[in-house]
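> Show me the folded form of this:
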Amino acid sequence: AEDPVARALREDAIVGLAIHTLLIARNGTRLPITESAAPIRNEGNEIIGVVLVFSDQTDEQRIRIMTEVRLALIEYAATHTRAEVMTRILDEIGALVESPIGFYYLVEKDQKTISLQQWSTGTLTEFCRNEGRGIHYPIEHAGICADCVREKRPIVYNDYASLKHKRGMPEGHAEVVRALVAPVMRKGRVVATLLVGNKPTDYTQTDVETVAFLADLTWTLVEQKIAEERLIESEHKWRNILINTPQIGISLDPQGRIVFANRRFLELTEWKEEEVIGRDWFDLCIPVEIREEMRRYFHDVMSGNNVLDFSTHENDIVTRSGERLNVVWSNVLTRDARGAILDVTSLGVEMTERKRAEVERERLLAAIEQAGEIIVITDPAGTIRYVNPAFEHTTGYSREEVIGGNPRLLKSGMQDQAFYKDLWETITSGRTWQGRIVNKRKDGKLFTEDTTISPVRDASGQIVNYVAVKRDISQQERLEAEFRQAQKME
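Numbering: from 1, shown residues only. Purely as a prediction, here's the structure:
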């Protein structure tokens, strides 16, 4: 680059140099600067010298570099694993503060346990032979990281050897001469610590600010990677469960094509996996006479109108050989991050294969626990064995208050004995009773329920339970009464 003095003299004007220059201070500190030069004139307007002005660009350069590092890390994180991202973070921060060693730790919610997650590239290749990734140990054994977690602020050790309370390092660990530890804080607690060490000169406040800023800024990337890993692990876990469950398992895309079929389904239907994936479920497995009905039901499920994303239904399917099997399905929608439906996964129980009454009942309870309708299950004697949350919300009685009791605790006195006699004669004969009942809440207020009570039989045909599905129609009745009154006044 041209000498600024020569250029100022040649151009006879103030000149600025865009190129950054490093100014080495007496204490060895390197300062990025910009230079400008201007000619000095005497009274006769003759140039008698040149004045040089230096501007410290440390902060400007630091901000620019950290922004570039952050953007580079975001791009890198999109295609790399959590371990690789952590290593890259340590490498980038280490380069900025001239630190050849670096460690990334995660701190548990109890703030008493810490785990080493990753090393910088230089730490592994040149300084450290220690193994221990992912091992959890008490925070008091974390050496120089413990102070950082306890005090919840960056800590600098420019003379590590002189520390009285240091606990040393495991065999094979990098020798620490100087260290800087910065915490990552979220909601008042430390979630991670980032340690860099062995800078040739003492760590400065600028180093502290750089490490603390980037550690905090890059935590989002680490957190995203942790969430991705957990999601992948969860997907693998549940996929293995679906593959190996004794229940029939299938997944259909929004067009009704089979995208997953488990072993039990393939065993029962005699199909091979490669023969069913991508095939239309309804054309392949649904009997012709109910095919359109099932398509309509499928499209209703896939509309997402059910706020619980959960439904149950029963239908026949046809095997490869033409055998018909009756299956009860439980269906769950899968959505993406934006809420769009990706597929529906259905678990089915083949009802003709073996006695599974208890399993069936438990599965049903899992579904009705979230139902909006009031659901009450009694034994054949009328003793309450189950009520769902909608019952508690509508009646004011808690589950604990009614289990083991009798539905008569809701009696309002608005129905006579003949009414209840007819009801019991209907359901004990194995038929379904439907009608409206005026009942009384815990607070004494009356409410009207549109009620359906059905008997539940076991495999031998014996009635083992009664299930009442009820809907509070008090508001509907009030509106109907108001409408009738309005008509009378016209």
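> The residue positioned nearest the centre of the chain: what secondary structure?
Closest to where the C-alpha atoms of the chain average out (Cα atoms, centre = their mean) is Ala227, at 6.4 Å. Recorded secondary structure, Ala227: helix (DSSP: H, G, I helix; E, B strand; the rest coil).
> quick one: contacts for it?
Going by Cβ atoms under 8 Å, 6 or more residues apart in numbering, Ala227 touches no other residue. (C-beta placed from N, C-alpha, C; glycine too.)
> Report the separation between it and Glu233.
11 Å (Cβ to Cβ, to the nearest Å).
> Now name the helix or strand holding the residue lying farthest from the centre of the chain.
Distance from the C-alpha centroid of the chain, by Cα atoms, centre = their mean, peaks at Gly44 (77.4 Å). For Gly44, there is no helix or strand it lies in under DSSP states H and E.
> can you pull the pLDDT of it?
Per-residue pLDDT puts Gly44 at 83.
> again with the one 10 residues further on
Per-residue confidence for Phe54 comes out at a pLDDT of 76.
> Can you report how many residues neighbour it?
Neighbour count of Phe54, defined by other Cβ atoms under 10 Å: 12.
> Offset the numbering so it begins at 784, please.
Understood, numbering begins at 784; the last thing we discussed is Phe837.
> Hmm, it is touching Ala808, no?
No - checked against Cβ atoms under 8 Å, the pair Phe837 and Ala808 is beyond contact range at 11.6 Å.
> could you pull out the strands for the stretch 1034-1183 of the chain?
Secondary structure of the stretch 1034-1183 of the chain, counting by DSSP state E, counting those that start in this stretch: strands at 1041-1044, 1093-1101, 1107-1118, 1124-1133, 1157-1161, 1167-1170.
> Mean neighbour count, distance to Met1197 and mean pLDDT added to those, as JSON lines?
Below are these laid out as JSON lines (neighbours: other Cβ atoms under 10 Å; distance: least, Cβ to Cβ, whole Å; pLDDT from 0 to 100):
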{"stretch": "strand 1041-1044", "mean neighbour count": "20", "distance to Met1197": "52", "mean pLDDT": "94"}
{"stretch": "strand 1093-1101", "mean neighbour count": "16", "distance to Met1197": "33", "mean pLDDT": "87"}
{"stretch": "strand 1107-1118", "mean neighbour count": "17", "distance to Met1197": "37", "mean pLDDT": "88"}
{"stretch": "strand 1124-1133", "mean neighbour count": "19", "distance to Met1197": "40", "mean pLDDT": "90"}
{"stretch": "strand 1157-1161", "mean neighbour count": "21", "distance to Met1197": "18", "mean pLDDT": "94"}
{"stretch": "strand 1167-1170", "mean neighbour count": "20", "distance to Met1197": "21", "mean pLDDT": "94"}
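> any chance of those strands in a markdown table, plus distance to Val1185?
Output for the strands of the stretch 1034-1183 of the chain, formatted as a markdown table (distance: least, Cβ to Cβ, whole Å):
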| stretch | distance to Val1185 |
| --- | --- |
| strand 1041-1044 | 41 |
| strand 1093-1101 | 25 |
| strand 1107-1118 | 26 |
| strand 1124-1133 | 29 |
| strand 1157-1161 | 8 |
| strand 1167-1170 | 5 |
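> Nearest to Gly926, out of the ones you listed?
Judged by Cβ to Cβ, the one of those that comes nearest to Gly926 is strand 1107-1118, at 45.1 Å.
> Let's see that closest one as PDB, backbone CA atoms only.
Extracted C-alpha coordinates of strand 1107-1118, given in PDB (Å, rounded to 0.1, in the frame of the first residue of the first chain):
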ATOM      1  CA  ARG A1107     -62.800 -59.900   5.800                       C
ATOM      2  CA  LEU A1108     -61.500 -58.700   9.200                       C
ATOM      3  CA  ASN A1109     -63.300 -56.400  11.500                       C
ATOM      4  CA  VAL A1110     -61.000 -53.700  13.000                       C
ATOM      5  CA  VAL A1111     -61.500 -51.000  15.500                       C
ATOM      6  CA  TRP A1112     -59.200 -48.000  14.800                       C
ATOM      7  CA  SER A1113     -57.800 -45.200  16.800                       C
ATOM      8  CA  ASN A1114     -56.600 -42.400  14.600                       C
ATOM      9  CA  VAL A1115     -54.100 -39.600  15.300                       C
ATOM     10  CA  LEU A1116     -53.200 -36.800  13.000                       C
ATOM     11  CA  THR A1117     -49.600 -35.700  12.500                       C
ATOM     12  CA  ARG A1118     -49.000 -32.000  11.800                       C
END
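> Let me know the angle separating it from strand 1124-1133.
Counting by axes from the mean of the first three to the mean of the last three Cα atoms, to 10 degrees, strand 1107-1118 lies at 150 degrees to strand 1124-1133.
> pLDDT weak spots in the protein?
784-785, 787, 800-803, 909-920, 924-925, 947-957, 1089-1091, 1135-1144, 1147-1148, 1273 (pLDDT under 70).
> Gly1087 contacts Leu1116, correct?
Yes - using Cβ under 8 Å, Gly1087 is in contact with Leu1116, at 6.6 Å.
> okay, and the common contacts of those two?
Common neighbours of Gly1087 and Leu1116 (Cβ under 8 Å, 6+ apart) are Ile1124.
> and the residue nearest to Arg813 when sequence neighbours are not counted, how many neighbours does it have?
Distances taken as Cβ to Cβ, 6 or more residues apart in numbering place Leu805 nearest to Arg813, at 5.0 Å, with adjacent residues excluded. When neighbours are counted by other Cβ under 10 Å, Leu805 registers 8.
> For beta bridges, what are the partners of Leu805?
Beta bridges link Leu805 to Pro815 when assigned by DSSP bridges.
> show me the contacts for it.
By Cβ under 8 Å, 6+ apart, the contact set of Leu805 is Arg813, Leu814, Pro815, Ile816.
> can you list the residues you listed in JSON lines and add distance to Asp795?
Listed next are the contacts of Leu805 as JSON lines, based on distance: Cβ to Cβ, whole Å:
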{"residue": "Arg813", "distance to Asp795": "33"}
{"residue": "Leu814", "distance to Asp795": "30"}
{"residue": "Pro815", "distance to Asp795": "29"}
{"residue": "Ile816", "distance to Asp795": "24"}
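> farthest pair in these?
The distance between the two most remote of the contacts of Leu805 (Cβ to Cβ) is 10.0 Å, for Arg813 and Ile816.
> Identify the contacts common to the two.
Leu805, Leu806.
> out of the two, which sits in the busier spot?
It is Ile816, of Arg813 and Ile816, that has more neighbours when counted by other Cβ under 10 Å, with 17 against 12.
> Would you check that that one makes contact with Asp842?
No - with contacts counted by Cβ under 8 Å, Ile816 stays clear of Asp842, the gap being 12.0 Å.
> what's the helix or strand for Phe996?
In the assignment (DSSP H and E), Phe996 maps to helix 988-1027.
> now the angle from that helix to strand 1124-1133?
Orientation check (the same axes, to 10 degrees): helix 988-1027 against strand 1124-1133 gives 40 degrees.
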